[in-house]
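[1] below are the sequence and a predicted model; questions follow.
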Amino acid sequence: MWNEHMFLSATYLYFLLILLSSFIASLRQKYLFHAIVIIFIIHTLALLIRWVESYKVGYGHAPLSNYYESLMVFSWCITLMVLILRKKINSSMVVLFIIGGSFLIMAYANMSPSIDREIRPLLPALQSNWLYVHVLTCFLAYSSFFLSFLSGILFFFKSKGPIPNPSVLEEINHKSVSIGFIFLTAGILSGAVWAHYAWGSYWNWDPKETWSLITWIIYALYLHGRFVKGWAGKKMAILSIIGFMSVLFTYFGVNFLLSGLHSYAT
Amino acid sequence: MSQEVSHGKRIYDFFSSVKLAVILLSFIAISCVFGTLIKQGGTPEDYLEFYSESTYKVISFLGLDDVFHTWWFISLLILFTLNLFFCSLRRFKRDMTSIVIQRFPPTDVLKKMKTSIFLPGKNVESVLHELGKDHKVILKTNEGAYLEKGRISKYGVHFIHGSIIIILIGSLIGLIFGFRGFLSLKRGEEADYLVLRGKSPKKSELNFIVKCKDFRIDFYPDGTPKDYVSDIEIIRDGKKVLEQKIRVNEPIKYEGLYFYQASYGKEGIFHFEVDGKETVITEKGVLKDGNLIMRVIRYESSIHNFGPGVLLGYLEGNKPGTAWFLRDVERMNTKTIGGKTIRLKDIKEDLYTVLEVTKDPGVYVVWTGFVLLLFGLFLNFFTHSKKVYVTKYENGTIVTLILQRLNNVSEVEVEKMRRRFNVE
Ligand code: HEM
């Protein structure tokens, strides 16, 4: 199907861009964002084409339903975050690391033999407009937290080579946690509203729900650490790394290790 | 007496401290980790398969097999709610009083600040005239003025904390005044009760009748289910008051009760011939013929490759016995029991729908909390409040911005202000 070719092309283009801009300074300094916008458009078109193609096979739903589609949307959200926060990030080095994240997710989704890339029908439980709100807000949150995680990691390599200085990293870290926290809250709340209409209860202590609550608490601690206790530097970097570990567990760990209402994704 | 007060004050301080909040939130998070890594609500056998006897004793003593309903977890949540309440109360009081007391900083201090702009040749009145369009003048003296903008941003944090309290109260209302039950209905069947969920399921009467007119499952071409639809009628005092279809994600609501499409099941219907006379028996039904009594013990829609079969239990006078009947195997579909020839002619399946029935009067409180929480987050992160001092200085005016937090928002704001007054 066309969408898979498009996704694959976008994957190769991400790779090419990272490779070339590591060597060619002028590409890195002047045209990086233009190149990202072009790849982002292709990535967006691939999602739209998959949407259209799902109508052709008679199912007709936005590409937000299975594991493959969620990975495509995850990487799309990460690139979108780069575009939204481009003024804040202000360091081509950091941008390349983030885009590297999009690339790895795309490569895994498009090449791993264990992932089903077919367009599948939508189960009755997923047929709700809340699905769209819920999945998009959650992935926007996850991708902002990915940005904060990266700036947390880079913080420990301070001022080596092209890595920006710690205060810039802290600013990126904080900004992306703030945005991520709003989206995570919106994601949890829309999930709760949806659960109310689908299962009759807005909170079921299902493992995925519970892990998103754990993640939410960790980032609430982060925000209080910074604004109430005035924590800074290393402490915040560590908290953002722990927070993202919790995000990863919420997204992957729960699907593969624990069972529950959300286990459709495997 | 004074010691008493300071004692009370110390408790209050602890209760309203962020330190306690950090401790409680950490404990809640850790309990949640246990509540997902250990299977919840299983039978003892489920646990003994994974854990040793002594580990299981610890698990069941601490309630780790049902974390979210233990007394200590609920106490943590209640403590957290109180902590949040007192903490917010204290902040709120402080935020309200800080509005009243406003002192003017000395002019030479203002002049030196990074967020100050000097406007030569402009007088205070003209600057106030310009800023007055979107700023509120709080204090005015003959040296200058103090203005504010977007004060509501400061309340964002109160909306956030308040809404969390509202959500927790809403869920408590649901816990106390709500319930969950279910109802299974065959096509054409009706019921005036539901079965409450819980450790020991109980029947609960309804003051109306729920009738299932029809139930069907639609499939996609590849065989996966597409839609479950129950056609439901609510009958009250002999009159139909509501007729609606229930689908997954589309519950119906009647008298504060929600009816959800939760599940479905299949029931076998067995067509027998007893001495040439046709009779029908259902899975729960009993068949009587003279001194022979039969009922269905087990139904399998496929036994190895021999097609569907049913295990009948019977009483022949006082002698019990069992017999398997296979529909598609010639030698196995006819038997003689108690002198009667019994032949299984056909097996049909009938679908029944399972509706989840819930009542939660706290749900609108929770929704209100959700909306306020998002609103509060928006105020807190996407708006900021500004204070502006406008003071006379030599032959011009100084405009000084004071922002809630000093970060690069302040640079942007100062830049905006410069442009507003056409200063380089
Ligand atoms: C999980 C629950 C909680 C959430 C989601 C939450 C969220 C927030 C957020 C987003 C902020 C604003 C941070 C900023 O300045 O940008 C904040 C500030 C604050 N929170 Fe919480 N909070 C929670 C629980 C608590 C509790 C239990 C307490 C106290 C016992 C508390 C005390 C404070 C204080 C003192 C501030 C600073 C307010 C100020 O700067 O004036 N929070 N909280």
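    Yep, that arrived.
[2] buried stuff in the host helix or strand of A:Met72?
    Using DSSP states H and E, A:Met72 sits within helix A:67-84. Neighbour-count burial for helix A:67-84, counted by 16 or more other CB atoms under 10 Å in any protein chain shown, picks out A:67-82, A:84. C-beta: built from backbone N, CA, C; applies to glycine.
[3] same check, this time on stretch B:38-48
    For stretch B:38-48, by 16+ other CB under 10 Å, it's B:Ile38, B:Lys39, B:Gln40, B:Tyr47.
[4] just flag the most distant two among those residues.
    Greatest spatial distance among those (CB to CB): B:Gln40 and B:Tyr47, at 10.8 Å.
[5] quick check: neighbours shared by these two?
    The contact sets of B:Gln40 and B:Tyr47 overlap at B:Asp65 (CB atoms under 8 Å, 6 or more residues apart in numbering or on different chains).
[6] what's the burial count for the closest residue to B:Thr391 other than its chain neighbours?
    Closest residue in space to B:Thr391, ignoring its immediate chain neighbours: B:Gly144 at 3.6 Å, by CB to CB, 6 or more residues apart in numbering or on different chains. Counted with other CB atoms under 10 Å in any protein chain shown, residues neighbouring B:Gly144 total 23.
[7] who's in contact with B:Gly144?
    B:Phe104, B:Val124, B:Tyr389, B:Val390, B:Thr391, B:Lys392, B:Thr397.
[8] for it, give me the pLDDT.
    Note on B:Gly144: pLDDT of 84.
[9] measure it to B:Tyr393 for me?
    Distance, B:Gly144 to B:Tyr393, using CB to CB, to the nearest Å: 9 Å.
[10] next one: B:Asn422
    As for B:Asn422, its distance to B:Tyr393 is 18 Å (criterion: CB to CB).
[11] so for these two, which sits in the more crowded spot?
    Comparing B:Asn422 with B:Tyr393 by other CB under 10 Å, the one with more neighbours is B:Tyr393, at 18 against 7.
[12] for the more buried one, give the beta-bridge partners.
    Taking DSSP bridges, one finds B:Gly396 as the beta-bridge partners of B:Tyr393.
[13] hang on, it packs against B:Thr107?
    Yes. At 5.7 Å, B:Tyr393 counts as touching B:Thr107 under the criterion of CB atoms under 8 Å.
[14] show me where the stretch 251-400 of chain B has its strands.
    For the stretch 251-400 of chain B, the strands defined by DSSP state E, counting those that start in this stretch cover B:252-254, B:257-274, B:277-282, B:286-289, B:292-300, B:309-316, B:319-326, B:334-337, B:340-359, B:386-393, B:396-403.
[15] dump the ones you listed to a markdown table, plus distance to the ligand and mean pLDDT.
    Shown next, in a markdown table, are these (distance: least, CB to the nearest ligand atom, whole Å; pLDDT from 0 to 100):
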| stretch | distance to the ligand | mean pLDDT |
| --- | --- | --- |
| strand B:252-254 | 31 | 92 |
| strand B:257-274 | 28 | 88 |
| strand B:277-282 | 53 | 86 |
| strand B:286-289 | 57 | 82 |
| strand B:292-300 | 51 | 86 |
| strand B:309-316 | 56 | 88 |
| strand B:319-326 | 60 | 88 |
| strand B:334-337 | 67 | 86 |
| strand B:340-359 | 26 | 88 |
| strand B:386-393 | 15 | 88 |
| strand B:396-403 | 13 | 87 |
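[16] now the ones you listed in TSV, with distance to B:Glu413?
    Formatted as TSV, the strands of the stretch 251-400 of chain B follow (distance: least, CB to CB, whole Å):
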stretch	distance to B:Glu413
strand B:252-254	49
strand B:257-274	49
strand B:277-282	76
strand B:286-289	83
strand B:292-300	75
strand B:309-316	80
strand B:319-326	83
strand B:334-337	91
strand B:340-359	50
strand B:386-393	7
strand B:396-403	6
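[17] residues touching B:Leu403, list them.
    B:Thr115, B:His384, B:Ser385, B:Lys386, B:Lys387, B:Val409, B:Ser410, B:Glu413.
[18] go ahead and build a PyMOL selection from the buried members of those.
    Buried members of these, defined by 16+ other CB under 10 Å, are picked up in PyMOL with:
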select buried, chain B and resi 115+384+385+386+387+410+413
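[19] adding distance to chain A, write the contacts of B:Leu403 out as a markdown table.
    Output for the contacts of B:Leu403, formatted as a markdown table (distance: CB to the nearest CB, whole Å):
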| residue | distance to chain A |
| --- | --- |
| B:Thr115 | 18 |
| B:His384 | 12 |
| B:Ser385 | 15 |
| B:Lys386 | 18 |
| B:Lys387 | 18 |
| B:Val409 | 10 |
| B:Ser410 | 13 |
| B:Glu413 | 15 |
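[20] which one of the contacts of B:Leu403 is nearest A:Lys234?
    Of the contacts of B:Leu403, the one sitting nearest to A:Lys234 (CB to CB) turns out to be B:Val409, at 24.3 Å.
[21] where does that closest one land on pLDDT?
    67.
[22] so where's chain B uncertain?
    B:1-5, B:98-103, B:405-409, B:424 (pLDDT under 70).
[23] show me how far the helix of greatest length in it is from its chain's centre.
    The longest helix of chain B (DSSP state H) is helix B:71-100. How far helix B:71-100 lies from its chain's middle: 23 Å, per CA atoms, centre = their mean, to the nearest Å.
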